[in-house]
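Q: Sequence and predicted structure are below.
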Amino acid sequence: MGIKEWLQSKKEQQNNTRATNNPVIDDEVSKLWTKCFNCGANLPTKEVEENMKVCPKCGYHFRITARERLEQVVDLTTFKEINSEIISVDPLDFRDLKSYKARIKDAKSKTNLNDAIITGTGKIDGVEAAIGVMEFAHLGGSMGSVVGEKIVKLIETAISKKLPVVIFTSSGGARMQEGIFSLMQMAKTSCAVAKLNEAKLLYITVLTEPTFGGVTASFGTLGDIIIAERGARMGFAGRRVIEQTIRQKLPSDFQTAEYFLKHGQVDMICERDELRGVISNLIRLHSKEN
Amino acid sequence: MRSIMQLPFEKPIYEIEEKIEELKTLNENSETDLSSQIETLTNQLTEFKKNLYDNLKPYERIQIARHPMRPTFLDYIHSITTDWIELHGDRAGTDDRAIIGGIARLNDKPVMFIGTQKGKTTRENLEYNFGMPNPQGYRKALRLFKHAEKFGFPIVTIVDTPGAYPGIKAEETGQGVAIAENLLEMAKLKVPVIAIITGEGCSGGALGLAVANKVYMLENAYYTVITPEGCASILWNDANYADKAAEALKITADFLLESKIIDGIIKEPLGGAHYDPEETYKNMKEMILKGLDELSKLSEKDLIEKRYSKYRAMGEISFEKQD
């Protein structure tokens, strides 16, 4: 083996371990430990999980899956999923370096979900609501036709059952691989929110890490109340695009929940363990029975 | 003709035209009659042009859509309307010049026109921010939508934007929510709404003015979820693959009409709107009048319901087989 090949193989090895190391170390022993991205503390994984995946040392909120979110927020056994059978098609026969069909397949096996959102009805601390939770691990939580359709159907369910709507967003934006059909989901979901407003039903959006692009510019920011989870990053344009456009350095807290609270774009910031209480309290305050 | 900036793929046309010019000069100064050769070449040129422009690749169309001499919003206004009165400002501290709005007469009837404005010179482009609106522009548009609704004016929007502006102030003042609110409010408007994509229809920045009863596109315009350059830099890791991305994204008017995303295509003169703006204006005016005539027959309720059900139906999904 020449030096070049040796270097190449070393590099590949390194890349492979890097890929599996991040974010959870794949090795049985090190699985027991989780490193905090923020303060660097090595924490017993069990302790992090018991703390709702928030670092007990510095309060850093780790990204969680849609299922974990439901477990944290919705009362045990009350969640009834709807429309889980809706699946993506490939309307453009889209192919970049990889085909869209292959990307969907990979995302499905990675998340065990048909698409980037779970919707249904359930109780949050005793109050019934129509609930949607986006899954960032599924193609970056991107909104294509399925996410759009499931949100509209969730809103329609809420209207027919007179329920408040709570949606947890986590998305890089519109799903490019569905082209114009994705863009139109922004209009479609916003039109549905207009119907929800007409029915005078409460709509709460919880912006979680990360929420950008087409979701920010449609149903994500149309909530009657907008909550941002501690530490979440959000915005319309991505940081890199803005930097390239204006050619200047951005403040380090740019586009964080805290930054947008300061600029009047969200109603409040909640810690993860506060969400359940705050949401149920808000719903009770807005309900006719109080 | 020569004053029009030529696009890279148009080079052969200019070469043939130069040949014809040469032959013509030669013909005047020599005894041999070259007119038959000139005629053949001219015929070949016409044939060649038709063939070229009929079979443009998506990325070539984009270059026409972005042509610096392409008519702008104000060109259309000054050519197809009378009594134009611009209305400025969002009433909250800003008059975003990337979006311009006002009232004018279209065949004697008052219409609210709102559109993104691009410049033809650097100075103009700086004034209009290259047609990239800030949240304040969308809020000015919303104010004018409501004004139109109050007085029963139909609304026509003209969209030609590379996207909403990605800037610090834009984020701080709510670029996302400004667009979202327009989407929601446009859904509820009690007056006819027509949107026309005349050049670039990029992303949420375009859609923020384009939730309409009828959406039309100029023949060489494009309408897309993301700029081909942006898409290429994310999915191909290299913006230079924009031509591939443009192809994959299916951004041309004929596909969008077929997919029922838009409701009509406005013909452009051969080579693009800038070769014969007058004809473009005429075609656009006809299409708007036809659209407004159809929509004027609908009740307020029907206008809203039809607009809603049109967007409700958009998207392509399937259902998993239940075992």
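A: Yes, it's here. Because the structure is a prediction, the values reported are computed rather than measured.

Q: From here on, just use CA atoms for contacts and neighbour counts.
A: OK.

Q: List the contacts of stretch B:8-19.
A: B:L41, B:L45, B:F48, B:K49, B:E60 (Cα atoms under 8 Å, 6 or more residues apart in numbering or on different chains).

Q: and the fourth one, which of the three is it?
A: Using DSSP: H, G, I helix; E, B strand; the rest coil as the criterion, the local structure at B:K49 reads helix.

Q: What strand or helix carries the closest residue in space to it that isn't next to it in sequence?
A: In this structure, B:K49 finds its nearest non-sequential neighbour in B:I13, 7.0 Å apart by Cα to Cα, 6 or more residues apart in numbering or on different chains. Per DSSP states H and E: B:I13 is located in helix B:11-29.

Q: Please enumerate the helices of chain A.
A: Assigned helices in chain A, in chain order: A:3-21, A:45-50, A:66-73, A:100-111, A:145-161, A:179-198, A:213-216, A:239-246, A:257-262, A:275-286 (criterion: DSSP state H).

Q: can you tell which of those is closest to B:V156?
A: helix A:179-198 (17.7 Å; Cα to Cα).

Q: Show the pLDDT at the residue in chain B positioned nearest to chain A.
A: Here the residue of chain B nearest chain A is B:G176; by Cα to the nearest Cα that distance is 3.9 Å. Per-residue pLDDT puts B:G176 at 98.

Q: Now do the contacts for it.
A: By Cα under 8 Å, 6+ apart, the contact set of B:G176 is A:G213, A:G214, A:T216, A:A217, A:S218, A:T221, A:G235, A:F236, B:P135.

Q: at 6 Å instead, please
A: Contacts of B:G176 were listed using Cα atoms under 6 Å, 6 or more residues apart in numbering or on different chains, and they are A:T216, A:A217, A:F236.

Q: who's in contact with the first one?
A: With contact set as Cα under 6 Å, 6+ apart, A:T216 has these partners: A:F236, B:G176.

Q: So for the closest residue to B:Y241 other than its chain neighbours, what pLDDT did the model give?
A: Distances taken as Cα to Cα, 6+ apart place B:A232 nearest to B:Y241, at 5.4 Å, with adjacent residues excluded. Looking at B:A232, its pLDDT reads 96.

Q: Test my guess that B:A232 contacts B:A242.
A: Yes. If you go by Cα atoms under 6 Å, B:A232 and B:A242 touch, sitting 5.3 Å apart.

Q: Now do the same for residue 237: its pLDDT.
A: Since you didn't name a chain, this refers to chain A. 97.

Q: was after chain B, sorry
A: On pLDDT, B:N237 comes in at 94.

Q: ditto for A:M1
A: 54.

Q: Just give me the residue closest to the centre of the chain.
A: Just going to use chain A. The residue lying closest to the centre of chain A (Cα atoms, centre = their mean) is A:S170, at 2.0 Å.

Q: was after chain B, sorry
A: When chain B is reduced to its mean C-alpha position, the closest residue under Cα atoms, centre = their mean turns out to be B:T198, at 1.6 Å.

Q: can I see the domain layout of chain B?
A: Domains of chain B are assigned by automatic domain parsing as B:16-55, B:62-312.

Q: ranking those by burial, who's on top?
A: Greatest average neighbour count among these goes to domain B:62-312 (a mean of 21), per mean count of other Cα atoms under 10 Å in any protein chain shown.

Q: How far does that domain sit from its chain's centre?
A: Mean-position distance between domain B:62-312 and its chain equals 6 Å (Cα atoms, centre = their mean, to the nearest Å).

Q: before we move on, what about stretch A:282-290?
A: Distance, centroid of stretch A:282-290 to centroid of chain: 26 Å (Cα atoms, centre = their mean).

Q: CA atoms of that stretch as CSV?
A: Backbone C-alpha positions of stretch A:282-290 (Å, rounded to 0.1, in the frame of the first residue of the first chain) are rendered in CSV as follows:
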residue,chain,number,x,y,z
LEU,A,282,-53.1,28.6,27.9
ILE,A,283,-55.7,26.3,26.5
ARG,A,284,-57.7,26.4,29.8
LEU,A,285,-57.5,30.2,29.8
HIS,A,286,-58.9,30.4,26.3
SER,A,287,-61.6,27.8,26.7
LYS,A,288,-65.2,28.9,27.3
GLU,A,289,-65.5,26.8,30.4
ASN,A,290,-62.2,28.2,31.7
